[in-house]
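J.: with the input below, show me the fold.
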Amino acid sequence: MLKLKSKSVSLGVRGLTTTALLATVASILMFIDFALPIFPSFLKMDFSEVPGLLAAIAVGPYSGIMVELVKNLINLPHTTTGGVGEFASFTIGSALVIPAGVLYRRSNTNAGAALALLAGVTTMTAAAALANYYVLLPLYGKLVPIDTILAMYSEVNPYVDTVPKLILTSIVPFNIIKGTVITLISFALYKRLRRILSGR
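T.: All right, here's what the predicted structure looks like:
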């Protein structure tokens, strides 16, 4: 059995198999995305964080991170954003699955699930806001001028004419909605797949 030094993380054959299986499912789900009409078309909704969160809950945070990493590496050759989108997906996805997975594993109750949901969505939203402001939008700006990006946002919301407004009116609410949907689906699925995924 392969054991990592962290007391909270232990991966054996079952854990590695579960991680690999969920990473494969996440990679497929990442190709299936769609836009929400209330947000700019390039903010895509997908469910590829569901397997990552299931891995974090069933096996441990390290497993969730590995699912997030593998799915983005597999999708990297098909990138249309120069790798920026995949970096964003890994960073923001990990910010969701780590706290939600840790808290739910510590308290596998309805109250624990509610706390895990709140923590995961909050962390994901904060990470998305900070990452977009300091890293992602500046990187995108090397491919597409910031003014062009703002113009695309303003087609949906004319109020958006600066980066902070873009983040507050689009990035933040989008990630709150996405994170909430992902966590609700993941916790519902885990209750049904618990024995298969974790053997408990």
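J.: from V84, how far out is I28?
T.: 22 Å (CB to CB, to the nearest Å). Just so you know, the C-beta spots here come from the backbone N, C-alpha and C atoms, and that holds for glycine as well.
J.: between the two, which one's more packed in?
T.: Each of I28 and V84 had its neighbours counted (other CB atoms under 10 Å), and the higher figure belongs to V84 (18 against 13).
J.: isn't that one right next to V144, touching?
T.: No. In this structure, V84 is not within contact of V144 by CB atoms under 8 Å, at 10.3 Å.
J.: for the chain, which segments count as strands?
T.: In the chain, the strands defined using DSSP state E lie at 2-3, 10-11, 34-35, 44-45.
J.: neighbouring strands for the last one, and are they parallel or not?
T.: Strands adjacent to strand 44-45 in the sheet, as given by DSSP bridges, are strand 34-35 (antiparallel).
J.: please name the nearest non-neighbouring residue to I167.
T.: Closest residue to I167 apart from its sequence neighbours, by CB to CB, 6 or more residues apart in numbering: A129 at 5.2 Å.
J.: contacting residues for the one you found?
T.: Taking CB atoms under 8 Å, 6 or more residues apart in numbering as the definition of contact, the neighbours of A129 are 167, 171-172, 175.
J.: tabulate the residues you listed in TSV, adding columns for neighbour count and distance to V121.
T.: TSV is the format used below for the contacts of A129 (neighbours: other CB atoms under 10 Å; distance: CB to CB, whole Å):
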residue	neighbour count	distance to V121
I167	18	16
I171	24	14
V172	16	11
N175	24	8
